[in-house]
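> Dropping a prediction and its sequence here:
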Amino acid sequence: MVVTNPRLIALLAEEQKADLESLEKQFAHHLEYTIGKNRYNLKNEDIYKAIGHTLRDFLVDRLNSTHARYRDAKPKKVYYFSLEFLMGRTLMNALICLGLYDKIKQMLSGFGFELADVLEFETDAGLGNGGLGRLAACFLDSMATLNIPGFGYGIRYDYGIFNQLIANGGQLEMPDHWDADGVPYEILRSDISYSVGFFGHTETRVSGKGKVQHDWVPGETVLAAAHDYPIPGFNTNTVNHLRLWAARSSEEFNLDYFNHGDYMKAVQDKSISENISKVLYPNDTTEQGKVLRLKQQYFMVCASLQDIITEFKDQNTDLKELPNYIAIQLNDTHPSIGIAELMRVLMDNEDWDWDEAWAVTTKVFSYTNHTVLPEALESWRVELFEKLLPRHLEIIYEINHRFLEEARKSGKLEDWEIMAVSIIEEGKEKRVRMANLAVIGSYKVNGVAALHSELIKQTIFKPFTKIFPEKFNNKTNGITPRRWLLQSNPDLSNLISKKIGNQFVTNLYQLKDLEAFASDTEFQSDWRKVKQTAKDNLIKLIRSETGIIADPNSMIDVQVKRFHEYKRQLLNVLRVIALYRRIKENPSKEVTSRTVIFGGKAAPGYYMAKLIIKLINHVAWVVNRDKDVADRLKVVFLPNYRVSLAERIIPGTNLSEQISTAGTEASGTSNMKFMLNGALTIGTLDGANVEMLEEVGEENIFIFGLKTQEVFQIKERGYNPQEFIYQNEELHRVLLMIRENYFSLGEPGIFLPIYDSLFYSDNYLLMADFDSYDKMQDLVAKEYLDEATWTKKSILNVARSGKFSTDRTIREYAKEIWNVPTLDTILPKTLYNLPQN
């Protein structure tokens, strides 16, 4: 229904007022009437909720205005499909983007509350596992800031990435009920829900026109309910949204079972249905886990496509125009089943023939690849796929048949290459290769760093480049400076702003102006004060979280990221053990004081990654209690790494560890966050490190280790880690300390699998790179002592980080893949004041 009453239209168009008096009235209203509190029982938690609802009013106001603007302009829209959105905390980010931070801070201060204390009550929305989900969150921020009509689609998991506890040095996983106390800025769209089917069978009939028609008859149906999260742009009226789907049973309650006394059976179907959105990434080592994970993927894309098409039909009559108004970006292979689903909708529901449906589908989807590791490419057993999504498997078979026919006719591929590009992997167990489906069904395929984009063309997708050379392109990842500088490091933001102005917040290349002050002694002094304050805060955090007392003047050396063997946290701890040995052998030796910080979660079923976490904690226990070491070396594992913790760690870091095996990391984004906050990087030429080197200059970054081609070569000729172990006596002794239980006296043999892995196989070439890494760390320690030179390099790292903004990345997507415009806004182009710490 469209409202036509002039009075109601005028009231709906009335904007929220942002003056202090109006804010106080809104806040008090929500405190009393929305939260239900009075002056006798207020807590900081209640203040947080009332602020959240006050902010929600502003967000909804601008969200509605944004939608009205889009409705009038009818621009092409972008829909970002991702199974992960690692949003972190929202409230402070939204306050900054809306220009309300200082006003809300002033208002609360007048009432006797501190905004910083209130903000701590927000729980991270951990609806993602790592970099892929955080990238999606940064992209949404940049699309809104650039006024691009861009929206996210994902799943509203009841439980996000688990909470990590450390017990006896090992990781324990606890449920992350991130929304237990409610989400004040969430908008439940009770009027938007869609039916999603699973299982069942396909029926074939001949229509009245003599056309063969396929009908899928699902054996199970679930409802997808919409929950919206407003995404405000910075210094703009634009507020887009992230729409997350929650699974709801199509039958709330079976009264017949209940009346016969079977109370468990009465609610069983509801519980099974709602399991779909219960937890992020269920353990898929079991058959039930695999089914649930594939269910999640289809659930998300099916509901999202229904939503997109419903909205499209509301303003357009011809679905053949879909590519002119819709662009769907697949964030990795998880949502690639959407290609088969759109084909099903167009053919089975809209009665299109194959060719016209395929022509539209392949102009709508584009695909971002996030891995160069063949074993990480997603595939599903055909048997499972056929059971869960029978009609989609039929469509995939037909896509594959037609594609392979064309590939053979082209004469560009050899027989083995035909097998490699097939969506169906033949063998003892047939599998559906989702990456191949994504490449074939998308009009563009991109990697996420220059090196990565070249590697996928040379390795996993090489045969495809002979058929679709124009499809492949690069879009180097970035980060949003609003969260990763303005929000997480306001002191540094203000120092920069005083020197070069604040336009860098929306044009990160403006940081280049800092180069003129890199050698300025007064500016260097101010820079060091800001860094030291951040370090002092981090040292306090370490003590409160772990009880470890570290030297605030030590070099803060940090490696925080998801735990995986290719990221080589193990290489870092091996070098820590080597440094510890040197101090023990010569306690009077001059050593640059260093605090080595680790953080990150291992997948619950990843045994080796969890064992590495345990080793780090056992090494920390030994090193930190050794009086010979004192404050010269401390080892810290900060548990439960998450977005809000990263915001506190990164500003206080001196040295960023980006040490993955060359050719394994697609891009990395933590490297960019540390660079933007003035940390120097020690790393391999892997992922986006290559482009960081190009931007910052080799004298301002510490690069070590084998290059990608050297890694390939050493593996091709037969890599033997023992050659490197026996050439390096110190390395050999470090390994023996692990084997002989120096760090595991209470659990003898517990770390033997780590020793065996390094000694006999060493899949990620730690032994080959150890000597180069060790020597580079010695150079780092020496250069850190030269205060002026280190500070200059720190300033230059920030000054030359402009490329690594998601604003730049999104502009490239918009121009070169999506073909979408930016829209003018009614706000002036002067920035809001930067938040004051």
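Now that the structure is in, tell me what you want to look at.
> drop to CA atoms for contacts and neighbour counts, all remaining ones
OK.
> Next up, the contacts around Thr66.
Going by C-alpha atoms under 8 Å, 6 or more residues apart in numbering, Thr66 touches Asn237, Thr238, Val239, Asn240.
> ditto for Ile496
Counting by C-alpha under 8 Å, 6+ apart, Ile496 makes contact with Asn502, Leu514.
> Beyond the helix or strand it falls within, next helix or strand please.
Assessed by DSSP states H and E, Ile496 sits inside helix 490-500. Remark: after helix 490-500, the chain's next helix or strand is helix 521-546, criterion DSSP H and E.
> any idea how far that following helix is from the chain center?
Its chain's average C-alpha position is 27 Å from that of helix 521-546, according to C-alpha atoms, centre = their mean, to the nearest Å.
> Please apply the same query to stretch 503-518.
26 Å.
> Also stretch 455-466?
Centre-to-centre, stretch 455-466 and its host chain are 25 Å apart (C-alpha atoms, centre = their mean).
> So for that stretch, mean pLDDT?
Averaging pLDDT along stretch 455-466 yields 96.
> Please point out which parts of that stretch sit buried.
Neighbour-count burial for stretch 455-466, counted by 16 or more other C-alpha atoms under 10 Å, picks out Leu455, Ile456, Lys457, Ile460, Phe461, Lys462, Pro463, Phe464.
> Apart from its chain neighbours, what residue comes closest to the fifth one?
Taking C-alpha to C-alpha, 6 or more residues apart in numbering as the measure, Phe461 lies nearest to Val421, with 8.0 Å between them; neighbours along the chain are not counted.
> was I right about that neighbour contacting Lys466?
No: under the criterion of C-alpha atoms under 8 Å, Val421 makes no contact with Lys466, lying 10.9 Å away.
> Against Gly599, how distant is Phe770?
21 Å (C-alpha to C-alpha, to the nearest Å).
> Which of the contacts of Thr66 fall in helices?
Assigned to helices by DSSP state H, none of those qualify.
> want to throw those residues into TSV with distance to Asn689, pLDDT and neighbour count?
As requested, the contacts of Thr66 are exported to TSV (distance: C-alpha to C-alpha, whole Å; pLDDT from 0 to 100; neighbours: other C-alpha atoms under 10 Å):
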residue	distance to Asn689	pLDDT	neighbour count
Asn237	35	92	23
Thr238	33	95	32
Val239	33	97	32
Asn240	32	97	30
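> With distance to Gln306 added, can I get the residues you listed in CSV?
Formatted as CSV, the contacts of Thr66 follow (distance: C-alpha to C-alpha, whole Å):
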residue, distance to Gln306
Asn237, 28
Thr238, 25
Val239, 22
Asn240, 19
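> Give me the subset of those lying in strands.
When the contacts of Thr66 are checked against strands (DSSP state E), the matches are Val239, Asn240.
> Which one of the contacts of Thr66 is nearest to Trp216?
Asn240 (34.4 Å; C-alpha to C-alpha).
> I figured that closest one was touching Asp228, is that so?
No: between Asn240 and Asp228 there is no contact, the gap being 9.6 Å when judged by C-alpha under 8 Å.
> Need the contact partners of the strand or helix carrying Ala116.
Under the criterion of DSSP H and E, Ala116 resides in helix 115-119. Defining contact as C-alpha under 8 Å, 6+ apart, one finds that helix 115-119 is touched by Asn44, Glu45, Ile47, Tyr48, Leu91, Met92, Ile104, Lys105, Leu108, Ser109.
> From Asp348, how far out is Glu398?
14 Å.
> Which residue of these two possesses the greater neighbour count?
Counted by other C-alpha atoms under 10 Å, Glu398 and Asp348 do not tie: Asp348 has more neighbours, with 16 against 13.
> Chain neighbours aside, what residue packs nearest to that one?
Using C-alpha to C-alpha, 6+ apart, the nearest residue to Asp348 is His214, at 6.0 Å.
> Contacts only, for that neighbour.
If you count contacts by C-alpha under 8 Å, 6+ apart, then His214 has Thr202, Glu203, Thr204, Arg205, Asp348 around it.
> From those residues, list the buried ones, please.
Buried members of these, counted by 16+ other C-alpha under 10 Å: Asp348.
> Looking at pLDDT only, which of the contacts of His214 scores worst?
Among those, Arg205 has the lowest pLDDT, at 88.
> can you pull up the bridge partners for it?
Taking DSSP bridges as the rule, Arg205 bridges to Gln213.
> who are the neighbours in contact with it?
Neighbouring residues of Arg205 by C-alpha under 8 Å, 6+ apart: Val212, Gln213, His214.
> What of Val196?
Contacts here follow C-alpha under 8 Å, 6+ apart; on that basis Val196 touches Thr221, Val222, Leu223, Ala224, Phe299, Cys302, Ala303.
> let's see it at 10 Å
Val196 sits next to 218, 220-224, 247, 250, 295, 298-303, 306 when contact means C-alpha atoms under 10 Å, 6 or more residues apart in numbering.
> Mind giving me the PyMOL select for those residues, buried ones only?
In PyMOL, a selection of the buried entries from the contacts of Val196 looks like this (16+ other C-alpha under 10 Å):
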select buried, resi 218+221+222+223+224+247+250+295+298+299+300+301+302+303+306
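> Which member of the contacts of Val196 is positioned nearest Gly160?
Nearest to Gly160 among those, with distances taken as C-alpha to C-alpha, is Ala247, at 14.9 Å.
> beta partners for the closest one?
Ala247 forms beta bridges with Ala224, as assigned by DSSP bridges.
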